[in-house]
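**Q** got a sequence here, can you model it:
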Amino acid sequence: GAAVTLGGPAPKQLKVEDALAYLDQVKFKFEKQPAIYNKFLDIMKDFKAQTIDTPGVIERVLQLFKGHNELILGFNTFLPPGYRIDIVHDAVEGPGAAPDGSRVQ
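**A** Numbers count the residues shown, from 1 in each chain. Model prediction:
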């Protein structure tokens, strides 16, 4: 799963080149699924217009890019100071792990 962290060091100022490089990465990743790329652009438009707040945009991006951790982490570039998405891997996984994370003997 992913965790949203509040606080910590403020990210560097967003550069246009960084934003464009990220958009290219998303476009390339979903070149066979243009609907996902277009949905991402819609989310970004809503975010820029402040139709959705930061937690809302994070939630939508997590759903849209589920399973694509590099894109989820890359989205940190766009988040305002004080917000950060971190990927958290459960300590217990694999055979014998119960759905709640406990071990089944």
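**Q** what about the helices in this protein?
**A** 16-29, 34-48, 54-64, 69-74 (DSSP state H).
**Q** residues in contact with residue 72?
**A** Going by Cβ atoms under 8 Å, 6 or more residues apart in numbering, residue 72 touches 2, 61-62, 65, 85, 87. No exception for glycine: its C-beta is placed from N, CA and C like everyone else's.
**Q** could you do residue 67 as well?
**A** Contact analysis of residue 67 by Cβ under 8 Å, 6+ apart lists nothing.
**Q** and residue 37, by the same measure?
**A** Residue 37 sits in contact with 26-27, 30, where contact means Cβ under 8 Å, 6+ apart.
**Q** go through the helices of the chain and name the closest to residue 81.
**A** Residue 81 sits nearest to helix 54-64 of all these, at 10.5 Å, using Cβ to Cβ.
**Q** show me which positions of that closest one end up buried.
**A** Residues of helix 54-64 classed as buried by neighbour count (16 or more other Cβ atoms under 10 Å): 54, 57-58, 60-61, 64.
**Q** lowest average confidence, helix or strand, in this protein?
**A** strand 2-6 (a mean of 63; mean pLDDT, DSSP states H and E).
**Q** so which of the contacts of residue 72 would you say is closest to residue 75?
**A** Looking across the contacts of residue 72 and measuring by Cβ to Cβ, the closest to residue 75 is residue 61, at 5.2 Å.
**Q** what about the closest residue to the closest one other than its chain neighbours, neighbour count?
**A** Counting by Cβ to Cβ, 6 or more residues apart in numbering, residue 75 is the residue found nearest to residue 61 once chain neighbours are left out, at 5.2 Å. As a burial measure, residue 75 scores 22 neighbours (other Cβ atoms under 10 Å).
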